[in-house]
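>>> please find the sequence and the predicted model below.
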There are 2 protein chains.
Amino acid sequence: MDALEFKKVFEEKYVENQSFEGMSNVIKTLEDVKNNKDSALRSYTEKFDGVKLDNFKVHEEKLRKSYDSLPAEEKDALETIRQRTEDYQKTIKYTDQDDGEFKYVYHPLEKVGVYVPGGTALYPSSVLMTVVPAIAAGVKEIHVTTPTFEDNNITFAALYLCGVKNVYTVGGAQAVAALAYGTETIPKVDKIVGPGNYYVAMAKRLLFGEVGIDMIAGPSEILLYVDDKVDVDSIVYDIYAQSEHDANARTFLLSEDVDIIDRIEHRLKDMINAQPRADIIRASIEDNHYAVVDYREALLDLVNYIAPEHVSVQHEDSAMIVKNIKYAGAVFEGYHTPEAIGDYAAGPSHVLPTDRTGRFSHGLNVNDFLTSHAIISLNEDTFQDIAGPAMTIAKKEALDAHYQSLKIRTE
Amino acid sequence: MDALEFKKVFEEKYVENQSFEGMSNVIKTLEDVKNNKDSALRSYTEKFDGVKLDNFKVHEEKLRKSYDSLPAEEKDALETIRQRTEDYQKTIKYTDQDDGEFKYVYHPLEKVGVYVPGGTALYPSSVLMTVVPAIAAGVKEIHVTTPTFEDNNITFAALYLCGVKNVYTVGGAQAVAALAYGTETIPKVDKIVGPGNYYVAMAKRLLFGEVGIDMIAGPSEILLYVDDKVDVDSIVYDIYAQSEHDANARTFLLSEDVDIIDRIEHRLKDMINAQPRADIIRASIEDNHYAVVDYREALLDLVNYIAPEHVSVQHEDSAMIVKNIKYAGAVFEGYHTPEAIGDYAAGPSHVLPTDRTGRFSHGLNVNDFLTSHAIISLNEDTFQDIAGPAMTIAKKEALDAHYQSLKIRTE
């Protein structure tokens, strides 16, 4: 289909308003945790996770053992990722500005809460991609909640590697509530980050303003923009790499060349059966895969309209194309930057805005763990220069004490 | 009282969790506007504002006339403020970063919605302080909603000065809903900013994630940190300038010196009756004013605990004190930088985080109207260096297509 047709399909199929369904139940959970703290956490964990817990703070020894149990190769791989992520985050960290009368300064948040999903989405890479930016920012206290109850868990190992000491086996909206309000065991934090299920997302929405919230995560998506020279099988794997996450994962293949699209689409169907996660991939491709052929301007317009979580540009004009992408979670350019390398080892966090939210938000990074403020220190001359207009408007606003606070200093 | 006593008072009196009261009514409003668009806006405006409107888009001619009707002095004052704000915002605007394989780029949001309160809080300065940072960011489309129905209004004049063309006389949660969902008259925007009443704030909380939201505004507050050499009357006016906003405005006076506190507190009571807004000031002082005397470390700790919207440091050691403030909306240093100058003409926006939210958020600025993303363009060597660890973790995560997407490029 062409860009215009696809835009229509996209709008009908994917552009949905956030639902308020189940909100009153989540509010009940929040208020229950606010009032009954640890005891509420215990009953929800028993009810929803079927686990009876006396103490849900994970012993540091348990974290260490999880790490120790990993094969050397995995330890090294995690450490490489950790180090690259930290190094990269430091290069984009904001630094203080000092223009004499005006300074603008940054400080790390004091306490941060990280939600790490459990279940099928147990990815050590996601642990590193949320925790390491906070550490790079200089956050001293990181508190992690996760619905993960087993020993030797890869989540625990990754947390140990990062030096995180405060880990709690609590999940769901109740865990988010605990981080926002504080309980006997879990302290109130200043900001909560990390993806989770519908109820976790709902709790985060409800608590915006009570604490800082990173973003609301939706289904994962990739948009590939390719020319006629790409290696077909590589692109097919790039698409599968998105599809294999779950049936809701979205994959959009764009090109100015219809032949390459045909070749990729054929191969895409042919190779599915050989994949270990063939069932998930097939479901995702059937429901949430689209190929679009159009001229460049129309395709670029489409990219900026969708603001995809991941954009992979594998095209001889990639420099020009990349330059014209305004809205995206992250952009991967060229054959040697498949999206999968970004998932693990490139440097930027893979926690990225989905569902068109890239139009107003950005991927999680070190700067999301800083807060900032202006320091204004006017010298007398500057003050005298601008006091007049300020007094005029203060008078207009009928704020006499504002006026007097200025006037007394002009005399 | 000392810092410890005050911290207790503060915690009991001011540290409240966000309420969920009235949320279901606001959800009804949101859903009504989502479904019935302009017609819902018309019925809410009639119901809540008592105004029957056919067309709530303000004619550009009306904006111009409002501006034209201002005395020259006020026009000049507004223009001075506009220009200074724009100049300042440009100095703190983030710029693209290019480290070869890694770029980090910024783009202005496409469409922004600004809520401008009506009623007693009709401040042209607030219009400039929200709209000008968006313009400095390069936002092309700014849509302003305000429950302001009269001609020759100062809000309209300030908007005309800024070149804003899309102004709608709709207020309340319904206006926020219109900006979030779009109606026949008001387009869906990417981000909504600006303070409002409880229902506006509630709507913004509920729509977080649907669109970008700046922050949730609470009662205004100032913390003054003074030494024994300050001019007492100046400080008294600085306190009044906060108190005169409304009875809920909070003013905290801190010093290491008990005598200066006594002198200021006496004068504070003495001078009230002479103030034009004496009733509001008296109510605010009686209920929401505190003086604290303690040693420096304890006071600094208190500042960072409260993270006040405004901190005014008028102290011979101000450099050292200011340096140790980590959490604040904005810091004003010295005799010639009273907070009132920041309200109008210094440069930084006076839309600042209140109610301890400075611990995780910052004052509205040009960068809140930019979105950003990383561009990753690895060369072959870098890719080959890091593909190994990435493949190890892909295997561990049982994401075979991720593994294959990397492997095919190592061959």
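Ah, there it is. Residues are numbered from 1 along each chain as shown, chains lettered A, B, ... in the order given.

>>> chain neighbours aside, what residue packs nearest to the residue positioned nearest the centre of chain A?
Among the residues of chain A, the one closest to the centroid is residue A:351, at 3.1 Å (Cα atoms, centre = their mean). Closest residue to residue A:351 apart from its sequence neighbours, by Cβ to Cβ, 6 or more residues apart in numbering or on different chains: residue A:364 at 3.9 Å. (C-beta placed from N, C-alpha, C; glycine too.)

>>> again, but for residue A:408
Nearest residue to residue A:408, sequence neighbours excluded (Cβ to Cβ, 6+ apart): residue B:234, at 5.2 Å.

>>> picking that back up, check the secondary structure at the residue nearest to the centre of chain A for me.
Three-state call for residue A:351 (DSSP: H, G, I helix; E, B strand; the rest coil): coil.

>>> which residues touch it?
A:126, A:129, A:130, A:193, A:194, A:195, A:214, A:215, A:217, A:363, A:364 (Cβ atoms under 8 Å, 6 or more residues apart in numbering or on different chains).

>>> so which bits of the helix ranked longest in chain A are buried?
Secondary structure of chain A per DSSP state H: the longest helix is helix A:23-49. Buried residues in helix A:23-49, counted by 16 or more other Cβ atoms under 10 Å in any protein chain shown: A:23, A:26-27, A:29-30, A:32-34, A:37-38, A:40-42, A:44-45, A:49.

>>> now swap in stretch A:158-169 and tell me
Buried-residue list, stretch A:158-169, by 16+ other Cβ under 10 Å: A:158, A:159, A:160, A:161, A:162, A:164, A:166, A:167, A:168, A:169.

>>> could you do stretch A:269-279 as well?
In terms of neighbour count (16+ other Cβ under 10 Å), stretch A:269-279 has its buried residues at A:271, A:272, A:275, A:277.

>>> just stretch A:100-116 next, same as before
So, applying 16+ other Cβ under 10 Å, buried residues of stretch A:100-116: A:101-116.

>>> contacting chain B as well, which ones from those residues?
Near chain B, taking Cβ under 8 Å from any Cβ of the partner chain as the test, the members of these found are A:102, A:104, A:107, A:109, A:110.

>>> closest one of the residues you listed to residue A:393?
Of all these, residue A:393 sits closest to residue A:102, with 20.3 Å by Cβ to Cβ.

>>> now for the closest residue in space to residue A:70 that isn't next to it in sequence, how many residues are close by?
In this structure, residue A:70 finds its nearest non-sequential neighbour in residue A:157, 5.4 Å apart by Cβ to Cβ, 6+ apart. Counted with other Cβ atoms under 10 Å in any protein chain shown, residues neighbouring residue A:157 total 23.

>>> mind listing what the residue nearest to residue A:22 when sequence neighbours are not counted touches?
Closest residue to residue A:22 apart from its sequence neighbours, by Cβ to Cβ, 6+ apart: residue A:202 at 6.4 Å. For residue A:202, the contacting residues are A:22, A:23, A:26, A:173, by Cβ under 8 Å, 6+ apart.

>>> got it, and residue A:406?
With Cβ under 8 Å, 6+ apart, residue A:406 has these contacts: A:387, A:390, A:391, A:394, B:338, B:340, B:341.

>>> from the residues you listed, which ones fall inside helices?
With helices taken from DSSP H, the overlap with the contacts of residue A:406 comprises A:387, A:390, A:391, A:394, B:340, B:341.

>>> so for the fifth one, what's the pLDDT?
pLDDT, residue B:340: 95.

>>> flag the shaky bits of the stretch 51-200 of chain A, pLDDT-wise.
By pLDDT under 70, the low-scoring segments of the stretch 51-200 of chain A are A:120-121, A:151-152.

>>> write out the residues of it neighbouring chain B.
Contact residues, the stretch 51-200 of chain A versus chain B (Cβ under 8 Å from any Cβ): A:73-74, A:76-78, A:80-81, A:84, A:88, A:91-92, A:94, A:97, A:99, A:102, A:104, A:107, A:109-110, A:122-125, A:154, A:181, A:190-191.

>>> surely the residue nearest to residue A:408 is in contact with residue B:338?
Yes: contact criterion Cβ atoms under 8 Å: residue B:234 and residue B:338 qualify, at 7.2 Å.

>>> could you tell me which residues touch both of these two?
Common neighbours of residue B:234 and residue B:338 are listed as A:405, A:409 (criterion: Cβ under 8 Å, 6+ apart).

>>> of the two, who's got more company?
residue B:338 (28 against 18).

>>> on that earlier part again, just give the number of residues close to the residue nearest to residue A:351.
Neighbours of residue A:364 under the rule other Cβ under 10 Å: 24.

>>> surely residue A:125 meets residue B:392?
No: in this structure, residue A:125 is not within contact of residue B:392 by Cβ under 8 Å, at 10.8 Å.

>>> can you tell me how far residue A:347 is from chain B?
Distance, residue A:347 to chain B, using Cβ to the nearest Cβ, to the nearest Å: 6 Å.

>>> who's in contact with that residue?
Going by Cβ under 8 Å, 6+ apart, residue A:347 touches A:84, A:85, A:87, A:88, A:89, B:102, B:376.

>>> just the buried members of these?
Neighbour counting by 16+ other Cβ under 10 Å classes A:84, A:85, A:88, A:89, B:102, B:376 among the contacts of residue A:347 as buried.

>>> farthest-apart pair in these, please.
Spatial extent of the buried ones among the contacts of residue A:347 (Cβ to Cβ) is set by the pair A:89 and B:376 at 13.6 Å.

>>> tell me the spatial nearest neighbour of residue A:361, not counting adjacent residues.
In space, residue A:361 is closest to residue A:353, 4.6 Å off (Cβ to Cβ, 6+ apart).

>>> quick one on the thing from earlier: would you list the ones in helices among the contacts of residue A:406 in a markdown table and tack on distance to residue A:409 and neighbour count?
Shown next, in a markdown table, are these (distance: Cβ to Cβ, whole Å; neighbours: other Cβ atoms under 10 Å in any protein chain shown):
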| residue | distance to residue A:409 | neighbour count |
| --- | --- | --- |
| A:387 | 7 | 22 |
| A:390 | 11 | 27 |
| A:391 | 10 | 22 |
| A:394 | 13 | 28 |
| B:340 | 9 | 31 |
| B:341 | 8 | 25 |
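
>>> picking up where we left off before, between the buried residues of stretch A:158-169, which is nearest residue B:329?
Nearest member of the buried residues of stretch A:158-169 to residue B:329, counting by Cβ to Cβ, is residue A:166, at 28.7 Å.

>>> that closest one contacts residue A:142, doesn't it?
Yes: Residue A:166 lies in contact with residue A:142 (Cβ under 8 Å); the separation is 6.7 Å.

>>> now do the strands in chain A.
In chain A, the strands defined using DSSP state E lie at A:97-98, A:102-108, A:111-115, A:141-145, A:166-168, A:191-193, A:212-213, A:221-226, A:250-255, A:289-293, A:310-314, A:330-333, A:370-376.

>>> what packs against the first one?
With contacts defined as 3 or more Cβ pairs under 8 Å, 6 or more residues apart in numbering or on different chains; DSSP states H and E, strand A:97-98 has these neighbours: strand A:102-108.

>>> so in that sheet, which strands flank the strand it packs on, and in what orientation?
strand A:97-98 (antiparallel), strand A:370-376 (antiparallel) (DSSP bridges).

>>> export it to CSV, keeping only CA atoms.
Listed next in CSV are the C-alpha coordinates belonging to strand A:102-108 (Å, rounded to 0.1, in the frame of the first residue of the first chain):
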residue,chain,number,x,y,z
PHE,A,102,22.3,33.4,35.3
LYS,A,103,23.3,29.9,36.2
TYR,A,104,21.5,26.7,35.4
VAL,A,105,22.4,23.7,37.5
TYR,A,106,21.6,20.0,37.7
HIS,A,107,21.5,17.6,40.6
PRO,A,108,20.8,13.9,40.7
